[in-house]
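1. What follows is a predicted structure for the sequence shown.
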Amino acid sequence: MADIVSFEATESLLTERSVVADAALSLITAENLTPAERKEAIELANNGYRMMQRQNFASQTQYVNGQAFYQNGNVWVDGRAQNQNDLAVKQIQVGSDEYIALLQKYPNISPWLALGDEVDIVIDKTLYQMRQN
């Protein structure tokens, strides 16, 4: 829970910094700035941009119960899938009998499934692709 609160506070701060970066970018093109003011505006814009990049990276990675998941479009992918080329692939419809059976067999995956309707999870030597349709 502390991680969620911390992330929300950080996200709010980053949003504020992106506004500052946008304002700084507007200032850079102003004609009446001194060289020192222009340099400060460029520095503010660069700092805001770097903070926005970090925000984007943070939103693309989630750590759930000690496991890293990476967002690829709408799909959250188990980090272990990147290093294993010999995985069998099985697609399962969210909410189906097969989905429920898998959840009953492996109850520890429920926090991972809570990431969304499109989650890829590695269990044993199988990549399970949970999909809404």
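-> Thanks, I have the structure now. It should be emphasised that the depicted structure is a prediction, and the values quoted were computed from it without experimental measurement.

2. Skipping adjacent residues, who's closest to Val98 in space?
-> Actually, residue 98 is Glu rather than Val. Ile92 (5.1 Å; C-beta to C-beta, 6 or more residues apart in numbering). To be clear about C-beta, it is placed using only N, CA and C from the backbone, and glycine gets the same treatment.

3. What is the neighbour count of the one you found?
-> Number of residues near Ile92 (other C-beta atoms under 10 Å) recorded here: 18.

4. Thr61 versus that one, what's the distance?
-> In this view, Ile92 and Thr61 are 24 Å apart by C-beta to C-beta, to the nearest Å.

5. re the thing from before, please name the bridge partners of the residue nearest to Glu98.
-> With beta bridges defined as DSSP bridges, Ile92 has these partners: Met130.

6. Please apply the same query to Thr61.
-> Here Thr61, judged by DSSP bridges, has bridge partners Tyr70.

7. Identify the residues contacting the residue nearest to Glu98.
-> 98-99, 102, 128-131 (C-beta atoms under 8 Å, 6 or more residues apart in numbering).

8. Recalculate using a threshold of 6 Å.
-> Ile92 makes contacts with 98-99, 128, 130, as judged by C-beta atoms under 6 Å, 6 or more residues apart in numbering.

9. and the protein, what are its domains?
-> Per the record, the chain has its domains at 2-59, 64-131, by automatic domain parsing.

10. And these, which one averages the lowest pLDDT?
-> Among the domains of the chain, domain 2-59 carries the lowest mean pLDDT, at a mean of 55.

11. where along this protein do the helices fall?
-> Using DSSP state H, the helices found in the chain span residues 2-28, 35-59, 97-105, 110-113.

12. one step back: quick one: which of the contacts of Ile92 is most hemmed in?
-> The most crowded member of the contacts of Ile92, judged by other C-beta under 10 Å, is Met130 (26 neighbours).

13. and that residue, how far is that from Pro107?
-> 15 Å.

14. Likewise for Val75?
-> 22 Å.

15. More neighbours: which of these two?
-> Val75 (17 against 9).

16. For that one, list the residues it contacts.
-> Val75 sits in contact with Glu118, where contact means C-beta under 6 Å, 6+ apart.

17. hmm, try it at 10 Å
-> 69, 115-120, 129-131 (C-beta atoms under 10 Å, 6 or more residues apart in numbering).
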